[in-house]
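Visitor: below is the structure, and that's it, no one-letter string:
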């Protein structure tokens, strides 16, 4: 998967996240809305990170009293995409 992807996020401050995956690694992660400093920093740290590692690090992180966070939402999207690829989907 190498095309640009944009996914809506639910239950968090950021409205959506865009990225692409090339060679199993994240490229060009960008969050829209939300906490700009933290989300920009996270995007820079994720640049070039293998998808599986990003999911492992981000999944389950909560924000304040919420049951999820922007990073958890991204991990969920990446996990779903990886499952689709493994099943021969998209």
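Guide: Looks like it came in fine. This structure is a prediction, so every number in the text was calculated from the model and none was measured.

Visitor: only C-alpha atoms for contact and neighbour calcs from this point on.
Guide: Will do.

Visitor: what's the top helix by length along the chain packed up against?
Guide: When the chain is parsed with DSSP state H, its longest helix is helix 70-86. Contact here means 3 or more CA pairs under 8 Å, 6 or more residues apart in numbering; DSSP states H and E; on that basis helix 70-86 packs against helix 51-58.

Visitor: the helix it packs on: which residues count as buried?
Guide: 51, 54-55, 58 (16 or more other CA atoms under 10 Å).

Visitor: just stretch 80-89 next, same as before
Guide: Buried, per 16+ other CA under 10 Å, within stretch 80-89: 81-82.

Visitor: and stretch 58-68, by the same measure?
Guide: Within stretch 58-68, the residues that qualify as buried are 58-62, 68, counting by 16+ other CA under 10 Å.

Visitor: low-confidence stretches in this protein?
Guide: 1-3, 89-90 (pLDDT under 70).

Visitor: what residue is smack in the middle of this structure?
Guide: Centroid check for the chain by CA atoms, centre = their mean gives residue 74 as the closest residue, at 2.6 Å.

Visitor: quick one: residues contacting that one.
Guide: The contact partners of residue 74, taken as CA atoms under 8 Å, 6 or more residues apart in numbering, are 9, 17, 55, 58.

Visitor: which among the buried residues of stretch 58-68 gets closest to residue 41?
Guide: Lowest distance from residue 41 to those (CA to CA) belongs to residue 58, with 13.8 Å.

Visitor: how far away is the closest one from residue 88?
Guide: Distance of residue 58 to residue 88, computed by CA to CA, to the nearest Å: 25 Å.

Visitor: now the buried residues of helix 51-58 as JSON lines including distance to residue 38?
Guide: Output for the buried residues of helix 51-58, formatted as JSON lines (distance: CA to CA, whole Å):
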{"residue": "51", "distance to residue 38": "20"}
{"residue": "54", "distance to residue 38": "16"}
{"residue": "55", "distance to residue 38": "18"}
{"residue": "58", "distance to residue 38": "14"}
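
Visitor: from those, pick the one nearest residue 28.
Guide: Nearest to residue 28 among the buried residues of helix 51-58 is residue 51, at 12.9 Å by CA to CA.
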